[in-house]
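Engineer: fold the following and give me the result.
(3 chains)
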Amino acid sequence: MIPIEYWLVFSSLLFVIGAYGVLTRRNAIVVLMCIEIMLNAANINLVMFSSYHSTLHTTVDSTGQVFALFSIAIAAAEVAVGLAIILSVYRRYQTVDVDKINILRW
Amino acid sequence: MLEYAWLIPVFPFAAFILIALLPKRTLWWEDGAVYAIGGALGAMCLSFLVVWDVVMGDTLIDGSQRFEWLVVGDFSVTFGIWIDQLSAVMLVVVSVVGTLVVFYSGGYMHGEGETRRRYYAEIMLFISVMYGLVIADNYLLMFIFWELVGLCSYLLIGFWYERPSAASAAKRAFIVTRVGDIMFMAGIIILFKYVGSLDFADLFSGAGVAAVPSDMMILATALIFGGAIGKSAQFPLHEWLPDAMEGPTTVSALIHAATMVKAGVYLTARSYPLLVQAPESLLFVAAIGGITALVAATAALAQNDIKRVLAYSTISQLGYMTLGLGAGGYLVIHADSAAGYSAATFHLMNHAFFKALLFLCAGSVIHAVGTNDMRQMGGLGKVMKITSLTMLIGSLAIAGMPPLSGFWSKDEVLAAVWHAGEFDPAFMMLWVMGIATAFLTAFYMFRMWFMTFAGEPRSDYHAHESPRIMTVPLMILAGLAVVSGFALFIGDGFKAFMEGSIDGLLAGAGHESVFDVAVEIFTDPLTYLTLALAIVGIVLAWRMYYVPGFDRSVFAKGFNGKLQRALENRWYISKFYDDFAIKVVYAASLVADAFDRHVIDGIVNGFAYLGGNMGQVLRRLQNGNVQRYTGLIVVGICLLLILVLYVLPWGGW
Amino acid sequence: MLEGIPILSLVILVPLIGAFVTLGLGRYGKQARVVALAFSALAFVLSLLMTYEFVTDPTSEATGYHNGYQFYEEYAWSDSLGVSYIVGIDGISLPLFVLTTLLCMLAILFSWDTEKRQKEYFGLMLILEVGVLGVFVSLDYFMFYVFWEVVLIPMYFMIGIWGGPKKDYAAIKFFIYTHVASLALLVAIMAMYFEAGLQTFSMEAIAAESVGFAKGVQVAIFAAMFFGFGVKLPMVPFHTWLPDAHVEAPTAGSVLLAGLLLKMGGYGIIRVAIPSLPEGASELSILMAVIGVVSIVYGAMLCLAQKDLKKMVAYSSISHMGFVLLGFATLSQVGIVAGVFMMFAHGLVTAVLFMMCGVMQHKCGTRLIPMLGGLSKRMPIAATLMTAGFLASLGLPGLVSFAAEFMVFYATFVKWSLWVLVPVVAVVVTAAYYLWALQRSMFGPMTDRIDTSHLKDMDWFEYVPVAALMALIAVFGVFPGLIFSRIDSAVEIVMRLFGGG
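Structural biologist: Presented below is the predicted three-dimensional model:
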């Protein structure tokens, strides 16, 4: 059994890397990829806590793992929608630089 | 009869309603004078019946007829009527003078055209509320009528509203008397709190008086007397009365000489059962009276407007009455004697007759000459025989010449003050002021008479005697000025009559017989001193204003000049009030206005401005860069986490 | 006679229907004034019928009697939130309720010659009437607040569309200022709701619980409510919306604003704040009194400095509503009854004054006092009515305000002894500014600063409402007991909270 702290550090690192990418990268596709990394950090947490919970109470409770599956499915859909948006933005503006796509302000 | 006394004010009030609301062509003679005369006569007849009952020894002071005005919890106010000897005296005054003035107006207001309707309506309203004031049995009811007579005074002073001076004088009269009115109101509120009722019957009973702590009693009585200071034009609130001469002369005669200004004296006399509990207030009353008498008499010396002379003389005489009441209270406390009280009320009645007479004579003169300025008159005695003669009677009466009415009452007042001096030396000083005033009174009245009627005309006018409708009231009043003084000796005498209204305060002292009263008057050396001073005053006036060749330039320079100017400017009191109103009150209001607009509203607008600008600033954060938003979200979450995990537990939540 | 008829709802419904009819007149828009007058008159007649049935000393036999309220109606609306439609009337709301139907009718009559967008104008007035009537009879916080806010909207449009030169500024200031106050009120209502925890907005139910709140809670909620109601009243220093709104509003708008909207503030304090939170009220009574006295004196001083007749009258409202606050602050039966009566009296008097300002505006084209002068010669009716109105406002005995002022002073003296002399002095200032204004505008020589060649006296639709109001002012001045007895029995119930009064 790997201690829970390891998992936590790992998922935090993943989350922070993803967040860093979201905040700093200009390319919309890269930002989308970073969002996926953050989502996976959350999925890892779900699975990890689910297993931790089962161990703690010596039961089998897979709710968390089911949620992780849900999350992965939705992430897939999200990627599809996100890429579609990025593609149409690219068609419209000839760029996927998020700094340039700012007409929705004010 | 007494139970029908409440009908007295109803007559003139009905006349008021009729004159105000009837269509124009049904007003008949003189635009409503018929209704006015009818209302005044009806009220007079009923008043006489009531007064007759009182003279026969009947009074209505048990509060049997009551009308519930309002009841709120334990606060209840009921109104009724109160007829005693004091009310009877006022009823006589109001009914006689009121009726005669209404008749006289038929001639005096003849040239006024359509505005007469307003005049008669307002006069009728005044007479009605004045009766109401006199028969009220409750301080609050009295206060209501008190304010309403003030309203009528305001309306009638401003009768010729197109004249800026009249409009201004009306306003000043109302505001200045209102200063007194609020004191009156404050006084009765104090009484109300402690006694729980404002009925005279409750307040004047032993239990009522005992319920008020003594310091509050002093305050309440002084404040109530404050109402009298305003209404009866006592120093220092007396300056409105000379200004009030802007109204028609009939109004001056009725309201500003005979009736309304007496209301203050009436109020003070009415409050005797309370006043005698507070000797400090009595001394205050007397001092105000004495000062008023002297200050007004001096100011009368230098006036050239015939009505202003009379106005100052009215103030001065009202001061006498107040002085008499103040001294009378000491006599009640220390000597069980109603001498001062009866003297003051006696002077009230006599003064009403001769002062109404003097004003109506002045009205007759003004009617004939067309000006108030005595410097433009002179020599009128030849053409206006009745007016000059009746005015002479009035002047002699006010100067205190026997056997006219003024002699008896003024002498009684001064004797009472002298007598009170035994109990408090302050009254000796007030007595000196009183006899000085007697001297001045004789002097300025005859200065006026000589300037008006004697010598040669000093301007171009075509005077003629006034019509009969004006001169007959003059003659009746002159007759009253001659005989009303003898009321002192009719029956048991006026003094014994008046004692009836303050019975409860006198510990059963024996009545003086009429004979004793007469003996007292004629054996007292002070009587002759006063009389001598008055004669000196008349002679001096004759020397200065009748005998030609008197050099008046000595009044123009040096100290005399300053004094002369101070007198002409009425001791600068009026100017002081004007300055106070403009430079203090109005200036303060301008400051308040600027403060309101710039500071208070400035803060409000500042908030609005802040709101607008904050929007401008915050708008810049919304720059469309999603990554910036995300960054802020992350920072925000971190801050919230820190808050929840570290700060709140540290704070003990 | 009114057995089984939901008379209160009916009175509220009539102007609402009237408003829809008026707004939907289409090309018959010219008749809007007739339709509006008819509906408002119907509401007035119904409210009079109700007054006739109202019993002074309520017993269980009275029509729709319920805990001191009469003509009580209750319908559940939303059980999950605890919102219900509850209306009822007692002696405190009755004078104000009838005053509302009366003033709306007269204000509609007074605006007879309005030309700009008549349908909307008269329709909005009727909607305003609905809102004010609703406030005065609602016994459910939710309804109360809804009606409270409904009132703002028509008034905002009346100022903003039919107003004077600075109407935009005035309208938005009026709206935002009073709305901020409403939010404080909303917070207070929510606090009461959750603190009571009864799942109901019924005033009575909450009040039964809230009198037992801890002192700190009571003070906090009372302070919020006091702010919410006080701005409407208005109290110094939250009064500056009032002169601006009045100066810019059309005459009828001013009449309703001063005659009714200000009363909502005072009504809220006595209906909601004091009986629900007696301890909070006791704690803050000194604050209320100080604000009341400052309003009285400061308002009077401001009047003295005004050049615009209407602005002067507006400031005088601040001064007079100070009396209401002072009366309430005494927390004594006499003071509270006097305060309620003062609201009624002020409603009548101030309507006359604003109508007279409107007459000056229409006939002379200006309300600036220095421009006027000597108008009595040409406008005797106007001068008479204006004088009468001013005298009523300065508290002349025999006219309606006097009894209220006297009793407020009495209650103040009983509670705070000689401090009463401070507001008493303001009475003189009040006389001074009214009479001075009268002297400068009506008396003296005829003005040559405006064109007076076509000056004429008041039109019929102007003097009929003013004369009717003056008649009522005189009647209730001579017989204040007619109303006092009704207010008294209602206030007695409130006073039981303070140890039987």
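Engineer: buried sites along stretch A:22-40?
Structural biologist: In terms of neighbour count (16 or more other Cβ atoms under 10 Å in any protein chain shown), stretch A:22-40 has its buried residues at A:22-23, A:25, A:28, A:31-40. Bear in mind the C-beta positions are built from the backbone N, C-alpha and C, glycine included.
Engineer: and the two most separated of those?
Structural biologist: A:28 and A:40 (19.1 Å; Cβ to Cβ).
Engineer: next up, phi/psi of the residue of chain A positioned farthest from its centre, please.
Structural biologist: Distance from the C-alpha centroid of chain A peaks at residue A:58, with 30.0 Å (Cα atoms, centre = their mean). Taking degrees, to the nearest 10, you get phi 40, psi 50 for the backbone angles of residue A:58.
Engineer: repeat for the one 3 residues further on
Structural biologist: Here the main-chain torsion angles of residue A:61 (degrees, to the nearest 10) amount to phi -130, psi 110.
Engineer: residue in the stretch 251-400 of chain C nearest to chain A?
Structural biologist: residue C:253 (36.6 Å; Cβ to the nearest Cβ).
Engineer: meant to ask about chain B
Structural biologist: For chain B, Cβ to the nearest Cβ, closest residue to chain A: residue B:624, 2.8 Å.
Engineer: can you tell me the SS state at that residue?
Structural biologist: Secondary structure, DSSP: H, G, I helix; E, B strand; the rest coil: residue B:624 is coil.
Engineer: can you pull the pLDDT of it?
Structural biologist: On the pLDDT scale, residue B:624 is placed at 70.
Engineer: likewise for the one 4 residues further on?
Structural biologist: Here the pLDDT value assigned to residue B:628 is 80.
Engineer: quick one, strands of chain C?
Structural biologist: Along chain C, the segments classed as strands by DSSP state E run C:70-78, C:83-89.
Engineer: I'd say the residue of the stretch 251-400 of chain C closest to chain A and residue C:160 touch.
Structural biologist: No - Residue C:253 is beyond contact range of residue C:160, at 10.2 Å (criterion: Cβ atoms under 8 Å).
Engineer: which one's more surrounded, those two?
Structural biologist: residue C:253 (29 against 18; other Cβ atoms under 10 Å in any protein chain shown).
Engineer: and that one, how far from chain B?
Structural biologist: Counting by Cβ to the nearest Cβ, to the nearest Å, the separation of residue C:253 from chain B is 21 Å.
Engineer: so who does that residue touch?
Structural biologist: Residues in contact with residue C:253 (Cβ atoms under 8 Å, 6 or more residues apart in numbering or on different chains) are C:155, C:158, C:159, C:162, C:163.
Engineer: does chain C sit close to stretch B:241-257?
Structural biologist: No - Stretch B:241-257 does not reach chain C (Cβ under 8 Å from any Cβ of the partner chain); its nearest approach is 11.4 Å.
Engineer: how far away is the closest residue to residue C:361 other than its chain neighbours from residue C:394?
Structural biologist: Closest residue in space to residue C:361, ignoring its immediate chain neighbours: residue C:367 at 5.3 Å, by Cβ to Cβ, 6 or more residues apart in numbering or on different chains. Residue C:367 is 19 Å from residue C:394, where distance means Cβ to Cβ, to the nearest Å.
Engineer: next: residue B:390.
Structural biologist: To residue C:394, residue B:390 is 41 Å away according to Cβ to Cβ.
Engineer: cool, residue B:521 as well?
Structural biologist: From residue B:521 to residue C:394 the distance is 48 Å (Cβ to Cβ).
Engineer: looking at those two, which is more packed in?
Structural biologist: Legend: neighbour count by other Cβ under 10 Å for residue B:521 and residue C:394, higher for residue C:394 (26 against 17).
Engineer: quick one: the more buried one and residue C:431 touch, right?
Structural biologist: Yes - Residue C:394 is within contact range of residue C:431, at 4.9 Å (criterion: Cβ under 8 Å).
Engineer: so where's chain C shaky on pLDDT?
Structural biologist: By pLDDT under 70, the low-scoring segments of chain C are C:1-2, C:57-64, C:499-501.
Engineer: narrow the contacts of residue C:253 to those in helices?
Structural biologist: Secondary structure defined by DSSP state H assigns C:155, C:158, C:159, C:162 of the contacts of residue C:253 to helices.
Engineer: which of those has the most neighbours?
Structural biologist: In the ones in helices among the contacts of residue C:253, the most neighbours by other Cβ under 10 Å go to residue C:159, 30 neighbours.
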